[in-house]
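In: okay, sequence plus prediction incoming.
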Amino acid sequence: FPGGDDAPRPRVLAIANQKGGVGKTTTAINLGTALAATGEEVLVIDLDPQGNASTGLGIDHKSREVSTYDVLTGEALLRTIIRDTAVPRLAIAPSTLDLAGLELEIGQERDRAFRLRDAVTALNADPTEPPFTYVLVDCPPSLNLLTINAMTAADAILVPLQCEFFALEGLSQLLKTVDQVKSSLNPELTIHGIVLTMYDARNNLSGQVVADVREFMGEKVYETVIPRNVRVSEAPSYGKPVLVYDLKCAGSEAYLRLATEVIQREKRLTERLAG
Ligand code: ADP
Ligand code: MG
């Protein structure tokens, strides 16, 4: 596959929810780590100008010379901005704050929604590099051009929902955006699943939210629920996934289970696509 088009395509999952603080970045980092631990070649693409996924994977702001901004403006190939992490088989395409200005920069271009898709299509073009099998896109807390790029590039969307009173608020708007992208930009797009995060067993409300979301979204909700766990929130300040920081904690165990479920769903989805 010397050219771009025959290159093996990774599965691309966009981790999206326009609410902030629901666990998108935590899920990108730790699901990515868990998938890499099972032998997948994983790339996390940081599409949030805040760059928390990059920091959480040990890439400090000062060392970021090129970023996803340069990829989306067409100034760099995705392969050339990728950095290794401390986790074998897990790489990160870091972001920088200038991503916040992307919409002003390319908002009038005809291909503005396809920049990430085209970059991902070319990702595995070099046959001397091991191909990535999974790409996880960490989206910003907004339904802006960055998130639209992620949805256009994605095979499926993974939605983290925090176990709190307003969990479902905003979900219908998110699903509407997914439908719009599906009908205009990316006809194959599906919802991979909904992952409930920061579950607190001591709080009755958490249990009620899980029940409500399962009733409303049915099978789309993963069985795995991510517990609220202090180790999960400590890990990023060490620039490490929680799976590296404390493999035995409840948060790590949950993300390992989530990865198993994601892989099972992937098998079913790809079998269906194959006919
Ligand atoms: P988002 O990317 O959607 O804004 P984050 O993944 O950054 O959300 O999570 C928001 C905050 O909650 C972060 O400080 C993170 O460390 C913390 N957090 C996320 N998941 C958990 C969890 N399971 N247990 C405890 N804290 C968590
Ligand atoms: Mg985030």
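Out: Looks like it came in fine. Ligands and ions are numbered 1, 2, ... in the order given.
In: quick one: contacts for the residue of the chain found nearest ligand 2?
Out: In the chain, the residue that lies nearest ligand 2 is residue 25 (3.3 Å; Cβ to the ion). For every residue, glycine as well, the C-beta is placed using N, CA and C. By Cβ atoms under 8 Å, 6 or more residues apart in numbering, the contact set of residue 25 is 48, 52-53, 56, 138.
In: could you tell me which of those belong to helices?
Out: Judged by DSSP state H, helices contain the following of those: 52-53, 56.
In: about what we covered before: most widely separated two among the contacts of residue 25?
Out: The distance between the two most remote of those (Cβ to Cβ) is 11.1 Å, for 48 and 56.
In: look up which residues are beta-bridged to the residue lying closest to residue 154 once chain neighbours are set aside.
Out: Using Cβ to Cβ, 6 or more residues apart in numbering and skipping the chain neighbours, the partner closest in space to residue 154 is residue 14 (3.9 Å). Residues in a beta bridge with residue 14, per DSSP bridges, are residue 137, residue 157.
In: and stretch 136-146, average pLDDT?
Out: Averaging pLDDT along stretch 136-146 gives 97.
In: can you tell me if it touches ligand 2.
Out: No. Stretch 136-146 stays clear of ligand 2 (Cβ under 5 Å from the ion), getting no nearer than 6.0 Å.
In: export that stretch as CSV, just CAs?
Out: C-alpha atoms of stretch 136-146 as CSV (Å, rounded to 0.1, in the frame of the first residue of the first chain):
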residue,chain,number,x,y,z
LEU,A,136,-9.3,7.9,20.0
VAL,A,137,-10.1,11.5,19.5
ASP,A,138,-10.4,13.6,22.6
CYS,A,139,-13.0,16.3,21.8
PRO,A,140,-13.3,19.8,23.3
PRO,A,141,-16.4,20.6,25.4
SER,A,142,-18.3,22.2,22.5
LEU,A,143,-20.1,21.2,19.3
ASN,A,144,-17.8,23.4,17.2
LEU,A,145,-15.7,22.8,14.1
LEU,A,146,-13.2,20.7,16.1
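In: contact residues of the stretch 51-200 of the chain facing ligand 1?
Out: 52, 141, 197-198 (Cβ under 6 Å from any ligand atom).
In: save these as a markdown table, and put in neighbour count, secondary structure and distance to residue 188 too.
Out: Putting these into a markdown table (neighbours: other Cβ atoms under 10 Å; DSSP: H, G, I helix; E, B strand; the rest coil; distance: Cβ to Cβ, whole Å) gives the following:
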| residue | neighbour count | secondary structure | distance to residue 188 |
| --- | --- | --- | --- |
| 52 | 18 | helix | 29 |
| 141 | 17 | coil | 25 |
| 197 | 26 | strand | 27 |
| 198 | 23 | strand | 31 |
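In: which one of those is nearest to residue 241?
Out: Taking Cβ to Cβ as the measure, residue 241 sits nearest to residue 52 out of these, at 12.7 Å.
In: residues near residue 46, how many?
Out: Counted with other Cβ atoms under 10 Å, the neighbours of residue 46 add up to 31.
In: typo on my end, residue 204
Out: Residue 204 sits with 9 neighbouring residues when counted by other Cβ under 10 Å.
In: same thing with residue 134?
Out: As a burial measure, residue 134 scores 24 neighbours (other Cβ under 10 Å).
In: these two touch, right, it and residue 9?
Out: No. Distance between residue 134 and residue 9: 11.0 Å, which falls outside the contact criterion (Cβ atoms under 8 Å).
In: so which bits of the strand or helix carrying residue 34 are buried?
Out: Using DSSP states H and E, residue 34 maps to helix 24-37. Counting neighbours by 16 or more other Cβ atoms under 10 Å, one finds that the buried residues in helix 24-37 are 24-37.
In: how about those in TSV, adding distance to residue 102 and pLDDT?
Out: TSV is the format used below for these (distance: Cβ to Cβ, whole Å; pLDDT from 0 to 100):
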residue	distance to residue 102	pLDDT
24	18	98
25	19	98
26	24	98
27	23	98
28	19	98
29	22	98
30	27	98
31	25	98
32	23	98
33	27	98
34	30	98
35	27	98
36	28	98
37	33	96
